[in-house]
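Peer 1: Coordinates for the following, if possible.
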Amino acid sequence: MEISARLSAETALLRARLEALTRQAATGQRMERLGELAPELPRAISLRAELGRRETYDRALTQAQGRAGVMQESLSRLREIAREFRANVVPRLYSGDPLLIASARSEARLALTEMGHLLNQRHAGEYLFSGQDIGNPPIPDPDGLATGQMAQDIAAEVGALGTLGAAAVMAATRGIAQSNLAGVSPFSDHLRAQEALPPDAREGRRAVPAADGQLIAYGIAADRNAVAESRGETTGSWARDLMRNLMSVAALDASLAAEGPEWDALLAGIRDGFAAAETALAEEAGALGQAAGRMGSAQRRHREVSDQLREQLAAVEEVDLAAALERLQATRTALEASYRAMASLSELTLARFLR
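Peer 2: Okay, the predicted model is just below:
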């Protein structure tokens, strides 16, 4: 009976081991529950926490890069608009040809509408040029830019070219474009409220956490420059510059060409305004590209560390599948031998009883 009891106990152990090895071979995990790792539990918890932290940074950087990519597309198109009017549209108007002037007016109105929609670009439901007010568009009425109060006020000044002269018209349109008044400014209430604050009291740029204590700023508000420094014939904002000069072109009339030198001076000022917007947009896009590059570098570092953490966690929680299968086969063979031994022992005992 002692031999039989010991054999039964060993068979039960083999059976339990076979079940555990079968589960490990099927799941690849050492234990069914994390708590069963015993002495390795603190290390497993620490590795999991660090891996989760790295993956959180990875997700945030992926989302920020998506936003930055859409913003780059908008900035690129806005720069193209500024370049087209500076290099092609305005130079054609020096001739005073009524057909060219009418065509330029139409192009400017279309460009204003396109600009409004470009600044209202969204990514994953969030407005990208609204500052921290991501749920609302920075330009509430993009289709009305060409006919809004700012456009009307600029048109009135341009129409007074013969009375005021080019220099006075340019100064007046600059002041209108810089206006933050409700009903004149085409920007959202949120952006106007921020514009009214001292620069050091305004909300910070949108940024993504790249590591502990490290933020990468990439946000751009539609009404003001983020990092670019506008120079030359400028309002101080590339967006306002582009609006101002598109509205000025949209207000041109063939009768104004009769003003001769003042007409030429006005066109030169408008052309310089487009140049200021184009240059600032290039700087803004370049800075955004650098920010996106830093995001990519940070993400690669997190992914490299995450791969190392997964390897370390696997060493704690997972089994070597080849070794597990080998042990499984060996245990199955031993269990089968144990069953045969128990069967032989049972037959031997019965034979003795019948003797």
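Peer 1: low-scoring pLDDT stretches of the chain, where are they?
Peer 2: 1-41, 317-332, 334-355 (pLDDT under 70).
Peer 1: which residues in it form strands?
Peer 2: 122-123, 126-127, 207-211, 214-217 (DSSP state E).
Peer 1: Pipe these into CSV and attach distance to residue 157 and mean neighbour count per row.
Peer 2: Every residue, glycine included, has its C-beta placed from N, CA and C. Shown next, in CSV, are the strands of the chain (distance: least, C-beta to C-beta, whole Å; neighbours: other C-beta atoms under 10 Å):
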stretch, distance to residue 157, mean neighbour count
strand 122-123, 34, 15
strand 126-127, 31, 17
strand 207-211, 39, 17
strand 214-217, 36, 15
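Peer 1: Where do the helices of the stretch 151-300 of the chain begin and end?
Peer 2: Taking DSSP state H, counting those that start in this stretch, the helices of the stretch 151-300 of the chain run over residues 161-164, 166-178, 189-195, 238-250, 261-317.
Peer 1: got the CA positions of stretch 109-126 in CSV?
Peer 2: What follows is stretch 109-126, C-alpha atoms only, in CSV (Å, rounded to 0.1, in the frame of the first residue of the first chain):
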residue,chain,number,x,y,z
ARG,A,109,-12.4,86.8,-53.0
LEU,A,110,-12.1,83.1,-53.7
ALA,A,111,-8.7,83.1,-51.9
LEU,A,112,-10.2,84.7,-48.8
THR,A,113,-12.9,82.0,-48.6
GLU,A,114,-10.2,79.3,-49.0
MET,A,115,-8.1,80.9,-46.4
GLY,A,116,-11.0,80.9,-43.9
HIS,A,117,-11.5,77.2,-44.4
LEU,A,118,-7.8,76.5,-44.2
LEU,A,119,-7.6,78.2,-40.8
ASN,A,120,-10.7,76.2,-39.8
GLN,A,121,-9.0,72.8,-40.5
ARG,A,122,-9.8,70.0,-38.1
HIS,A,123,-8.1,66.8,-37.1
ALA,A,124,-10.0,64.1,-35.2
GLY,A,125,-12.7,66.6,-34.5
GLU,A,126,-10.4,69.3,-33.1
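Peer 1: Adding distance to residue 295, write the strands of the chain out as JSON lines.
Peer 2: Putting the strands of the chain into JSON lines (distance: least, C-beta to C-beta, whole Å) gives the following:
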{"stretch": "strand 122-123", "distance to residue 295": "14"}
{"stretch": "strand 126-127", "distance to residue 295": "17"}
{"stretch": "strand 207-211", "distance to residue 295": "7"}
{"stretch": "strand 214-217", "distance to residue 295": "6"}
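Peer 1: Skipping its backbone neighbours, what lies nearest residue 98 in space?
Peer 2: Distances taken as C-beta to C-beta, 6 or more residues apart in numbering place residue 254 nearest to residue 98, at 3.9 Å, with adjacent residues excluded.
Peer 1: between the helices of the stretch 151-300 of the chain, which gets nearest to residue 130?
Peer 2: helix 189-195 (6.8 Å; C-beta to C-beta).
Peer 1: Backbone torsions only: list them for the closest residue to residue 119 other than its chain neighbours.
Peer 2: Leaving aside its sequence neighbours, residue 119 sits nearest to residue 222 (C-beta to C-beta, 6+ apart; 4.4 Å). For residue 222, the backbone dihedrals (degrees, to the nearest 10) come out as phi -60, psi -30.
Peer 1: just checking, residue 222 touches residue 237?
Peer 2: No - with contacts counted by C-beta atoms under 8 Å, residue 222 stays clear of residue 237, the gap being 9.1 Å.
Peer 1: okay, now residue 182: neighbour count?
Peer 2: If you count neighbours by other C-beta atoms under 10 Å, residue 182 ends up with 10.
Peer 1: Pull up the gap between it and residue 119, please.
Peer 2: Using C-beta to C-beta, to the nearest Å, residue 182 is found at 18 Å from residue 119.
Peer 1: With residue 184 instead?
Peer 2: According to C-beta to C-beta, residue 184 and residue 119 sit 17 Å apart.
Peer 1: Pick out whichever of these two has more residues nearby.
Peer 2: Neighbour comparison, residue 184 and residue 119: the larger count goes to residue 119, with 27 against 16 (by other C-beta under 10 Å).
Peer 1: Do I have it right that that one meets residue 221?
Peer 2: No - assessed by C-beta under 8 Å, residue 119 is found out of contact with residue 221, at 9.7 Å.
Peer 1: mind listing what the closest residue in space to residue 68 that isn't next to it in sequence touches?
Peer 2: Distances taken as C-beta to C-beta, 6+ apart put residue 292 closest to residue 68, at 4.5 Å, once the chain neighbours are dropped. Going by C-beta atoms under 8 Å, 6 or more residues apart in numbering, residue 292 touches 65, 68, 69, 72, 218.
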